[in-house]
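# here's my sequence, what's the structure:
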Amino acid sequence: MARGQTRYVRREVFADPKYNQVLVTQFVNTIMREGKKSLAEKIFYQCLEIIQKQMQQDGVAIFQKAVNNVKPMLEVKSRRVGGANYQIPMEVSSSRRTSLAIRWLVHFAKERKGKSMSERMADEIMAAYKNEGGAIKKRNDLQKMAEANRAFAHFRY
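Residues are numbered from 1 along each chain as shown. From the prediction side, this is the model:
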């Protein structure tokens, strides 16, 4: 193998101790800042409690459905062909779908005004569950852009 072409080995993510789910751990790790995992867990667990109180359903099931609603199927990648840059629609791998969905949920929860972080997170997750909110809008915009650039799909590599 040539220099600089070593393959990245994906780290194994362990299941969450409370709900025994890898998706919860990934979400908590995305919330976490400066290594303060216990604070991130506290925020997320409070968020799930708020969701359970407001929707009278299992918080983890609602969270999983929200993440699945936000997952994008297509994205565009820039590719230089013959001196011009084209936005080429590409399918998104399953691990990238999940990480994008989680990242968008956390980002748009942080952008919401007022309240505590757990309340903003709960609001964003419930909005995504109902196919509303900033993360869903981001997914739809990305899908529309990929659809608009479908003519350049033959440049796919």
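
# are we agreed that M90 is in a strand?
Yes - M90: assigned to a strand according to DSSP: H, G, I helix; E, B strand; the rest coil.

# who's in contact with it?
74-77, 146, 156 (CB atoms under 8 Å, 6 or more residues apart in numbering). C-betas here are computed from N, CA, C, even on glycine.

# quick one: it and F152, what's the gap?
Distance of M90 to F152, given as CB to CB, to the nearest Å: 11 Å.

# and the contacts of M90, which are buried?
When the contacts of M90 are checked for burial by 16 or more other CB atoms under 10 Å, the buried set is 74-76, 146.

# secondary structure for those residues - can I get that in JSON lines?
Formatted as JSON lines, the buried ones among the contacts of M90 follow (three-state DSSP):
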{"residue": "L74", "secondary structure": "strand"}
{"residue": "E75", "secondary structure": "strand"}
{"residue": "V76", "secondary structure": "strand"}
{"residue": "A146", "secondary structure": "helix"}
